[in-house]
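Undergrad: Need the 3D shape of this:
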Amino acid sequence: MQKRIEKDSMGAMEVPADALYGASTQRAVLNFPISGYRFSRPFIRALGLVKSSAALANRDLGKLEEEGAQLIAQAAEEVIDGRWDAHFPIDIFQTGSGTSTNMNANEVIANRCSQIAGKPIGSKDPVHPNDHVNMSQSSNDVIPTCIHIAVAESIRSELMPALDYLQQGLETKAQEFWEVIKIGRTHLMDATPIRLGQEFSGYAKQIEYGKLRAGNAIAAVEELPLGGTAVGTGLNSHPEFAGKVMGYLWNRTGVAFREARNHFEAQGAKDGLVEASSQLRTIAVSLFKIANDIRLLGSGPRCGIGELQLPATQPGSSIMPGKVNPVMCEAVIQVCAQVFGNDTAVYWGGATGQLDLNVMMPMMAHNLLESIRILANVMRAFQDKCIAGVTANRQHCEELVEQSMALVTSLAPIIGYDRAAEIAKESVQTGKTIRTLCREQKVLPEDQLTAALNPIEMTKPGGEGSAGG
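TA: Here you go, the predicted model:
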């Protein structure tokens, strides 16, 4: 591989000849051969947005000449578009401030400016990575700003549409299954009847609330630390710099980003990221419950609950012919478990912010953005490969309702709790249904018995079948 020599404040470094990055980036590549994880596309896009907006703001404030500002903006636009993602090679597990990645962006943009201007790569002419691309900035305010931007944009463009897609699918099934009466279960034991559509309406509402939580997560990261530079004092930054950058960012993203009200909070703590992660965790909790319920209701198909029939997506066993497993539900709950773990890492990252800077930021960024990505992807797959094709085993649902001793609940207000309990116990002992026993013992006239044991009426609000436990 051909090399070229570039220099930084620590001296000369050999860099791949075709690399747009320079000496600082190469040092980090050599120092941190840790995981192979890299900053994802949303974060690199955010870096480009910040660098472009900062150059234009510095121009507006008279700190940067028009030519240099336009060159930086043009090169940064290419970073925004993903043209140079391969030139961001640094591992996630690096300096906790993300300084290496901030310098990576500065070097890529400066070298690209040299190319555009017809100057040699590495010449730092006409744009210098520190003096111009990083003007009015520090890694300590750039990196957390980029995390906030990437998280907000990813939630809005990836997670919220996926939540909406799944909610619509669940609402469709709630309507489709409204006439299906099945047995309810509390404590995993038979309870009073419920509509299958009512259960699915509950799932749909969980996802609807998930959209609100996603919105809350965006709100938690709308304040940006940019303008605080090294420790929050704003040293070497124009007092109006951050406000002007916010205007450019708002126009580019449509997110109501604003300067942090207190830069010392914004750089010394990462509470907003912890809050955003907790909202993602709650969404994952909802998804876990939904997917787990659906695989339980579809268990069998002959020897389980078997009230739902899940789409067959692939063979389920290498040894048992014909076996089909609830693989999409399993994918969902695995993603949710990963999100729970990611959230744990994020809140530990937030808790270890010491004095005037948090030094867990790259790891927090990686986990937050990964949670958003995999949640959005698995929800779409879950809707397409499972929810859209799930059907109700209506006959089996009816049979289970009729066999359940929980039907006796509707008789309790008429014949008393104790008498109803005796009938329930006898049902368990004899295997006879509640309806059969009541007819044999002439508990009620047939018309009253039919009305009292009507499972449809038991699913209505305020119906006689309403009971706790």
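Undergrad: From the opening residue of stretch 398-411 to its closing one, how far?
TA: Using C-alpha to C-alpha, to the nearest Å, the end-to-end distance of stretch 398-411 comes out at 19 Å.
Undergrad: Pull the distance from it to the chain's centre.
TA: Centre-to-centre, stretch 398-411 and its host chain are 40 Å apart (C-alpha atoms, centre = their mean, to the nearest Å).
Undergrad: Find the nearest non-adjacent residue to residue 57, please.
TA: residue 244 (3.8 Å; C-beta to C-beta, 6 or more residues apart in numbering). No exception for glycine: its C-beta is placed from N, CA and C like everyone else's.
Undergrad: tell me the contacts of that neighbour?
TA: Residues in contact with residue 244 (C-beta atoms under 8 Å, 6 or more residues apart in numbering) are 56, 57, 60, 61.
Undergrad: Skip ahead from the strand or helix carrying it and say which helix or strand is next.
TA: Secondary-structure assignment from DSSP states H and E places residue 244 in helix 241-253. Counting by DSSP H and E, the next helix or strand C-terminal to helix 241-253 is strand 258-259.
Undergrad: which other residues reach that next one?
TA: Contacts with strand 258-259, where a contact means C-beta under 8 Å, 6+ apart, come from 222, 223, 224, 226, 227, 242, 243, 246.
Undergrad: thinking again about what came up before, any chance of a PyMOL selection covering the buried ones in the contacts of residue 244?
TA: With 16 or more other C-beta atoms under 10 Å as the criterion, this PyMOL line picks the buried residues out of the contacts of residue 244:
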select buried, resi 56+57+60+61
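Undergrad: Return the set of buried residues in stretch 13-26.
TA: Using 16+ other C-beta under 10 Å as the test for burial, stretch 13-26 gives 13, 15, 19, 20, 21, 22, 23, 24, 25, 26.
Undergrad: Relative to the whole chain's centre, how far out is the helix or strand containing the last one?
TA: Meaning residue 26. According to DSSP H and E, residue 26 maps onto helix 23-31. Taking C-alpha atoms, centre = their mean, one finds helix 23-31 lying 32 Å from the centre of the chain it belongs to.
Undergrad: Just the mean pLDDT for that helix, thanks.
TA: Averaging pLDDT along helix 23-31 gives 96.
Undergrad: Longest helix in the protein, please.
TA: helix 271-297 (DSSP state H).
Undergrad: how far is that one from where the chain is centred?
TA: The answer for helix 271-297 is 8 Å, by C-alpha atoms, centre = their mean.
Undergrad: Can you name every helix or strand that it contacts?
TA: helix 139-154, helix 196-220, helix 327-351, helix 361-385 (3 or more C-beta pairs under 8 Å, 6 or more residues apart in numbering; DSSP states H and E).
Undergrad: What pairs with the next helix or strand after that helix, parallel or antiparallel?
TA: Counting by DSSP H and E, the next helix or strand C-terminal to helix 271-297 is strand 308-309. For strand 308-309, the paired strands and their directions (DSSP bridges) read strand 391-392 (antiparallel).
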